[in-house]
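# Test case, fold it:
(6 chains)
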There are 6 protein chains.
Amino acid sequence: MRPSKRAADEMRPVTMERAVARYAEGSCLIKFGDTHVLCTASLEDKPPPWLRGQGRGWITAEYAMLPRATLTRTRRESTSGKPSGRTQEIQRLIGRSLRAVVDLPALGERQITVDCDVLQADGGTRTASITGAWVALHDCLAWMRQRSILKDVPLKDQVAAVSCGIIKGEAVLDLDYVEDSSAETDANFVITGAGGLVEVQATAEGAPFTSGQLTTMLGLAGSGVERLVALQKQIVQAR
Amino acid sequence: MRPSKRAADEMRPVTMERAVARYAEGSCLIKFGDTHVLCTASLEDKPPPWLRGQGRGWITAEYAMLPRATLTRTRRESTSGKPSGRTQEIQRLIGRSLRAVVDLPALGERQITVDCDVLQADGGTRTASITGAWVALHDCLAWMRQRSILKDVPLKDQVAAVSCGIIKGEAVLDLDYVEDSSAETDANFVITGAGGLVEVQATAEGAPFTSGQLTTMLGLAGSGVERLVALQKQIVQAR
Amino acid sequence: MRPSKRAADEMRPVTMERAVARYAEGSCLIKFGDTHVLCTASLEDKPPPWLRGQGRGWITAEYAMLPRATLTRTRRESTSGKPSGRTQEIQRLIGRSLRAVVDLPALGERQITVDCDVLQADGGTRTASITGAWVALHDCLAWMRQRSILKDVPLKDQVAAVSCGIIKGEAVLDLDYVEDSSAETDANFVITGAGGLVEVQATAEGAPFTSGQLTTMLGLAGSGVERLVALQKQIVQAR
Amino acid sequence: MRPSKRAADEMRPVTMERAVARYAEGSCLIKFGDTHVLCTASLEDKPPPWLRGQGRGWITAEYAMLPRATLTRTRRESTSGKPSGRTQEIQRLIGRSLRAVVDLPALGERQITVDCDVLQADGGTRTASITGAWVALHDCLAWMRQRSILKDVPLKDQVAAVSCGIIKGEAVLDLDYVEDSSAETDANFVITGAGGLVEVQATAEGAPFTSGQLTTMLGLAGSGVERLVALQKQIVQAR
Amino acid sequence: MRPSKRAADEMRPVTMERAVARYAEGSCLIKFGDTHVLCTASLEDKPPPWLRGQGRGWITAEYAMLPRATLTRTRRESTSGKPSGRTQEIQRLIGRSLRAVVDLPALGERQITVDCDVLQADGGTRTASITGAWVALHDCLAWMRQRSILKDVPLKDQVAAVSCGIIKGEAVLDLDYVEDSSAETDANFVITGAGGLVEVQATAEGAPFTSGQLTTMLGLAGSGVERLVALQKQIVQAR
Amino acid sequence: MRPSKRAADEMRPVTMERAVARYAEGSCLIKFGDTHVLCTASLEDKPPPWLRGQGRGWITAEYAMLPRATLTRTRRESTSGKPSGRTQEIQRLIGRSLRAVVDLPALGERQITVDCDVLQADGGTRTASITGAWVALHDCLAWMRQRSILKDVPLKDQVAAVSCGIIKGEAVLDLDYVEDSSAETDANFVITGAGGLVEVQATAEGAPFTSGQLTTMLGLAGSGVERLVALQKQIVQAR
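Predicted coordinates:
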């Protein structure tokens, strides 16, 4: 039995709330249990300098944690002088995941920055960020279409993410912080609405894992993402 | 008539919510209208290095804004490499204001860091931060007393802050962003529960101001802080 | 009786010497007792990037101390990697104070940088800096008029600054370092030649202060600035 | 047919040369075709500060490219001020991969730093780095055993890495730079001598990939790593 | 007798190998005994910003050591955040030395960056760098002439460098690391093919030196550079 | 005839003023014509960390220019984030020059920092700095002896420095800024009171120079330093 007493394929309660930030073109407060992430999408009317004149847009992401999102206070990265390697790794992952489902030429020469700020952290902050970021991005693109900046919402699909792990030899879905700390293997899966794989990252923290275990985790992740994608759909169709 | 249509001595609706952060020893989400600040107080069981062995504690503050707290997105300070001059000025002000009402020797060789993270900004973020920070600090100190780390809560008084300004020659209380941008003079007042002045900062943005105008603003600020202090008292006495 | 034995309203001897820097368009070596600041004004023939094309000029200030201006050596900020919060706070104050008396549109698309370098520090370095900076700025503007870069000297007024404090409950004028260290309240006042207030900053270092004390300090500061403004006038009219 | 004309499961010629650095305790110059990486292992007789007193050692890795390892010159990271996100991501990966096969308690309170400096880059620099780093690490540990610093070489297994990709829908092994640029999916696999998975990272650069494609790549990677592991064994057993 | 047992005027074995870097326009791996430096010359088709529109080109140099080029591991400068004073001093010296023999107007509005990366360090890394850098630069310029980017190779002369020192009162040529550490005086000479002096840097590490000793070192250096220049000529004329 | 109309062996007027900084243990304001440098020596009662427990002291130097010491304003190094290569090169030179004449073991486990701040720059700032720094250092050491911190002043000799150059083929002494800009060769010589050479740095800015020219410059520098050393002696013996 896993530390959280959840079944192997049981996710924490997930909620998403739209339009939580007064000024952002799109926003979503997503909760995976006690992990809370505020995602905002900000439109900038020009692409990054290295993309000028290429007729395409860009989606980028930034990720941060409030200092007391964590059990003990974490030093602020503006004080230590630069984003840590972990932060950069996560924000590159979020950006890649979103770009995988956006039609960048249809976006035109513009950039959307999605900020994922972790208000409270209990494991799975990067997967919650990706899932909530898609909603914020969707709403930003819908905002642009309403103002006729875009003809259509240039989204090819939805995208969501969930973690898996191997705990005492068994594959489980959606690890919280305590589970993450004790897992032998830790994996993150980014999957589209159609079930295509965008990113698979699996890391042995203790003993190596087998391809059978990878396949089992992939199955769990697939079912988890299905539920997340259904929730995203429900929320963006609401109003 | 001021841009917000409020009376000269009318503050925006103020709310404070305690215990909003799962892990922090004390926390408060304070709202001055559309300005929302999340304040958390974190206890560290040793003083800063320069204070070791002096038998006193320390209160320090950090201040930041989420990138999309503002009308247009603001660059993250961890990306630009260091806190801006404005950020440092504000966090020094918050720290000084809190220390003015704490009995530092009674705190013992410990440090409490109060983080003020602006989730949404519509003017007056520094005054809302100071006012909410006092609640978070109070609750952190109360948490310490409950665990017998301290015998008493080492607070000498309450402290709160409010802004004033001169708009079209008239002194008004608690400026929002639009008012702040059009004010001829912008002032911040930090005042204790007993009505003592902790900090007065008044700056002419256009024409210089007179000592009569300073006195009028001081009066408005005094009445505003009285209301804030009453709210603080009510919230920390709840349950 | 105050530590310096001066009367409550007695300033230290003040001297100003013009044209002390061979290359600067304007310069002033100002002394408030043992506080010595070298102020230079440098003309740059374009505005800062964010002001381009707006038909206005800009005045900015930088402030620094030589490492051994102080009782014990202070680490050089180029070594520690960035200006401290205190340095940034002071240079923002100097810049705002000067801009309050300059007709920026009349300056045209140019920038003047006033450098205030403290050669020796005995309290009141920011107030001496502002007072001397005005002389350096005046001479830079006069230099421009002489060369027909400007038709008139675009100064709306003079500006000067002085500190006050509360020592053992009594308000005193122009604190030296020892007095500053023992004052219960420390205040800086920036005032125009016409007596208008540009900036008031009062901070309780120990017990809070009262509005009566603030008013008394304001009165002392007004009389101090009158004397500084008279000295400035005398020196810029010389020759 | 893939751009390099190689068969789908054909690696580039791989060579490893030991003891190439005069001063390092262990070293290896590894070549995957035109990708050349110099790996050195350096023993330091104390663990990193955060591990003191825990009776365990640590393996860390640093990764860099010479400026002209690449087709066009790349800016030196010491000039730009900090390692890029990509560099940090790679050096964290190398470190994790090596630690997965080291018995850290048996290493004692020591740290070994493995530097992977890319002399020439034609794709697959991270996988070549991991594979060569294991040889350098092995030789450093053997050097320690020869000097009786360690009783045994505390290695639990070998570890090596190889990339795979999807090009025009087909899975291929060991991508060079041109192939990497045109691949729809790019994946890296870190696998032990016993065939256990240490790290799987697969990223869709264009269309998402399927779990069938992931399985095929996993199979190719397994066979590639078998050959690398055999080469490692052969070289460390030489003489 | 000197520590290396070499005669006072005896250099270490010197070898130079051209075209060692696949992508660079010119490259040279130079060895002064156990000091090995990889020099690459990279053409950029525009001059540095401060030279735009002046009809001249520029040669610049960067210098670095691999972390384990040295007896004990040296911290990477990208980790410490900036090139050290020593590194900057050396790269300025290499750049000046090369520019002394290049016809910069004939180069046109282009920049060549010569990177000198020390693979192994046993004293004399800066002199080996200069000597090898000339070969890399020559080959880059020849590459440009072959592609008709330049009509002629705009080199006015060759340039090479060698160190001298005073050990136990006697002047010796080409110090290795052990000799360098024990020398009373340490000197570097940069000399053209025609025997002209480009740079003389002599530093007393212990007792001051005399002008007689300087003259003797100058003579040794002249003969050393003659041999280096002959080797350079031989290698660049090969095929 | 040289630009300054001075004879080839004619220095600019040199003055030195002691005890110009109220707080420093030793200080000297030195002027070489229009080059003015304020040198202060600051005692710290412990050595740098890397020298602890070795029973020796250390002398270090820092060098900076006020922003408007120069013809046009130079950016402050605290703003650009780090000392430039030129600054670091000069402060290393000043430090080495002073250490060459100090008996470091006799100084005990202490550090003296000599700050050389250029108030006005007209060429030769590093040579003026070294010459004035010796006076400041002498006075700091004398201050220590007066307080019985040291038994004797641990100075083995005096040290001073002067520049030379080749202008239109002729060697001249003590270049001002205009001469320095037009010189074909630029050289700095650091020489002890006894005439021993501590540092020789000669750089061809245009055509290479000959050993004959180096010898001539060495002669000029020797006579220049003799005069500087006489002035130093006179000033430290005054009172």
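# going forward, measure contacts and count neighbours with C-alpha atoms only.
Fine.
# hmm, stretch A:105-125 touching chain D?
No - using Cα under 8 Å from any Cα of the partner chain, stretch A:105-125 stays clear of chain D, with a minimum separation of 13.6 Å.
# buried ones in that stretch?
Neighbour counts over stretch A:105-125 (16 or more other Cα atoms under 10 Å in any protein chain shown) mark A:106-125 as buried.
# So what's the model's average confidence on the longest helix along chain A?
Determined from DSSP state H, the single longest helix within chain A is helix A:211-237. Across helix A:211-237, the average pLDDT comes to 97.
# Could you list the buried residues of it?
Of all the residues in helix A:211-237, those buried under the rule 16+ other Cα under 10 Å are A:213-214, A:216-222, A:224-229, A:231-232, A:236.
# Ignoring the adjacent residues along the chain, who's closest to residue A:141?
Using Cα to Cα, 6 or more residues apart in numbering or on different chains and skipping the chain neighbours, the partner closest in space to residue A:141 is residue A:153 (5.6 Å).
# Tell me, how many residues neighbour the one you found?
19 (other Cα atoms under 10 Å in any protein chain shown).
# what's the pLDDT at the residue sitting furthest away from the middle of chain A?
Largest separation from the mean C-alpha position in chain A: residue A:53, at 29.5 Å (Cα atoms, centre = their mean). Looking at residue A:53, its pLDDT stands at 91.
# how would you label the closest residue in space to it that isn't next to it in sequence: helix, strand or coil?
Once flanking residues are discounted, residue A:53 sits nearest to residue A:109: 7.7 Å by Cα to Cα, 6+ apart. The three-state label given to residue A:109 by DSSP: H, G, I helix; E, B strand; the rest coil is coil.
# chain center to the strand or helix carrying residue A:113: distance?
Here residue A:113, judged by DSSP states H and E, is contained in strand A:111-120. Here strand A:111-120 is found 10 Å from its chain centre; the criterion is Cα atoms, centre = their mean, to the nearest Å.
# Parallel or antiparallel, list what pairs with that strand.
Take DSSP bridges as the rule and strand A:111-120 pairs in its sheet with strand A:35-44 (antiparallel), strand A:58-65 (parallel).
# which stretches of chain A form helices?
Here chain A has its helices, by DSSP H, at A:77-80, A:85-99, A:104-107, A:125-146, A:177-182, A:211-237.
# how about the residue nearest to residue A:53, phi and psi?
phi -80, psi 70 (degrees, to the nearest 10).
# Kindly provide the distance from it to chain B.
Residue A:109 sits at a distance of 18 Å from chain B (criterion: Cα to the nearest Cα, to the nearest Å).
# Tell me if the helix or strand bottoming out on mean pLDDT in chain A is near chain B.
Scoring the helices and strands of chain A by mean pLDDT, DSSP states H and E places helix A:77-80 at the bottom, with a mean of 73. Yes - under the criterion of Cα under 8 Å from any Cα, chain B is reached by helix A:77-80 at A:77, A:78, A:79.
# What subset of those is buried?
Neighbour counting over these (16+ other Cα under 10 Å) leaves A:77, A:78 as the buried ones.
# of the residues of helix A:77-80 next to chain B, closest to chain C?
Set against chain C, the nearest of the residues of helix A:77-80 next to chain B by Cα to the nearest Cα is residue A:79 (12.1 Å).
# Now that closest one. Nearest residue, chain neighbours left out?
Nearest in space to residue A:79, with sequence neighbours left out and distances taken as Cα to Cα, 6+ apart, is residue B:82 at 6.3 Å.
# And that neighbour, what's its pLDDT?
pLDDT, residue B:82: 75.
# next one: the one 3 residues further on
Confidence at residue B:85, expressed as pLDDT, is 84.
# Next up, the contacts around it.
Taking Cα atoms under 8 Å, 6 or more residues apart in numbering or on different chains, we find residue B:85 in contact with C:85, C:88, C:89.
# Using TSV, lay out those together with distance to residue F:173.
Output for the contacts of residue B:85, formatted as TSV (distance: Cα to Cα, whole Å):
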residue	distance to residue F:173
C:85	45
C:88	43
C:89	46
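# how close does whichever residue of chain A sits closest to chain B get to chain F?
Closest residue of chain A to chain B, Cα to the nearest Cα: residue A:78 (3.7 Å). Distance of residue A:78 to chain F, computed by Cα to the nearest Cα: 16 Å.
# Grab the nearest non-local neighbour of that residue.
Per Cα to Cα, 6+ apart, closest to residue A:78 is residue B:78, 3.7 Å.
# which intervals of chain A have sub-threshold pLDDT?
A:80-81, A:239 (pLDDT under 70).
# before we move on, the earlier item: residue F:17: which of the contacts of residue B:85 is nearest?
residue C:88 (33.1 Å; Cα to Cα).
# And for that closest one, the neighbour number?
Burial of residue C:88 is recorded as 21 neighbouring residues (other Cα under 10 Å).
# what separates it from residue B:90, distance-wise?
Between residue C:88 and residue B:90 the computed distance is 12 Å (Cα to Cα, to the nearest Å).
# Also residue A:164?
42 Å.
# Of those two, which one has the most company?
Remark: of residue A:164 and residue B:90, residue A:164 carries more neighbours, 29 against 22, as counted by other Cα under 10 Å.
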